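>>> starting from these lines, generate the structure:
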Amino acid sequence: MEIVWYGLNTFRLSERGMASVVTDPYDPSVGLTFSKPRADIITISRDDPQCKYTRGVRGPYMTLETPGEYEIGGVFITGIATHKKKSTWVNTIFHYDYDGLNICHLGHMDHLPSQTQVEALGTVDVLLVPVGGDSGLKPAQAAEIISLLEPSIVIPMRYKIPKLELSLGTLGRFLKQMGLEKEAPEESLKVTKRGLPSQTEIVVLSPRVG
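You can find the predicted model right below:
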């Protein structure tokens, strides 16, 4: 499978012969633009322009923005609702099962999940986790969730990058929290179930933005 990051919460997940997914496509008002990726499925974690600019994605596609269980194009998707602290916003965590390779996108999560939510997520091979604060997790919270879920690979998202007009923290703060100084960014992540590392690794992706 290949995972590409477009900045903020937006990724494209693709595997040959299976449905492709774009997560949380953002509105250009955030200061970033991305070339229109193609998707069979769009998942939206929150009812907000930062997460539901579906016009930025080429279809035809199905849109999932509510909790539930879905099977589309060979991909099993589970949406789990979490309420944000101090607001009425509902965030939906999405878990994608690509033939046994499990990817979890935490969306706008801003607090630690309950034990029930952790159990509902099950196995997490690749965790897409917000690390820049604001309306997402702070570095220490992200580190704690990583220890709870024990993923094989962690891809940080939702942090400050050039041109982004949101008050987010830097990637460096998260890496320091994880005991790392710097990680060389990769263009994309290509991963298989058999190729997963035995211990948790942090993979930093370069955003494909204009």
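>>> for the rest of this, base every contact and every neighbour count on C-alpha atoms.
Noted.
>>> now the helices for the chain?
115-121, 139-149, 171-177 (DSSP state H).
>>> which of those sits closest to Ile42?
Nearest of the helices of the chain to Ile42, taken as CA to CA: helix 115-121 at 19.4 Å.
>>> report the buried residues of the closest one.
By 16 or more other CA atoms under 10 Å, the buried positions in helix 115-121 come out as Leu121.
>>> please enumerate residues in contact with the worst-scoring helix or strand of the chain on mean pLDDT?
Using mean pLDDT, DSSP states H and E, helix 115-121 stands out as the lowest-scoring helix or strand of the chain, at a mean of 87. With CA atoms under 8 Å, 6 or more residues apart in numbering as the test, helix 115-121 has contacts from 80, 95, 104, 148-149.
>>> ChimeraX command for the buried members of those residues?
To isolate the buried subset of those in ChimeraX, counting by 16+ other CA under 10 Å, use the following:
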select :80,95,104,149
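>>> what's the closest of the contacts of helix 115-121 to Leu166?
Each of the contacts of helix 115-121 was scored against Leu166 by CA to CA, and Cys104 proved nearest at 23.8 Å.
>>> dump the least confident helix or strand of the chain to CSV, restricted to CA.
Extracted C-alpha coordinates of helix 115-121, given in CSV (Å, rounded to 0.1, in the frame of the first residue of the first chain):
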residue,chain,number,x,y,z
GLN,A,115,-10.5,2.3,27.0
THR,A,116,-13.7,1.3,25.1
GLN,A,117,-12.5,3.3,22.1
VAL,A,118,-9.0,1.8,22.2
GLU,A,119,-10.6,-1.7,22.3
ALA,A,120,-12.9,-0.8,19.4
LEU,A,121,-10.0,0.2,17.2
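>>> alright, I will stop here.
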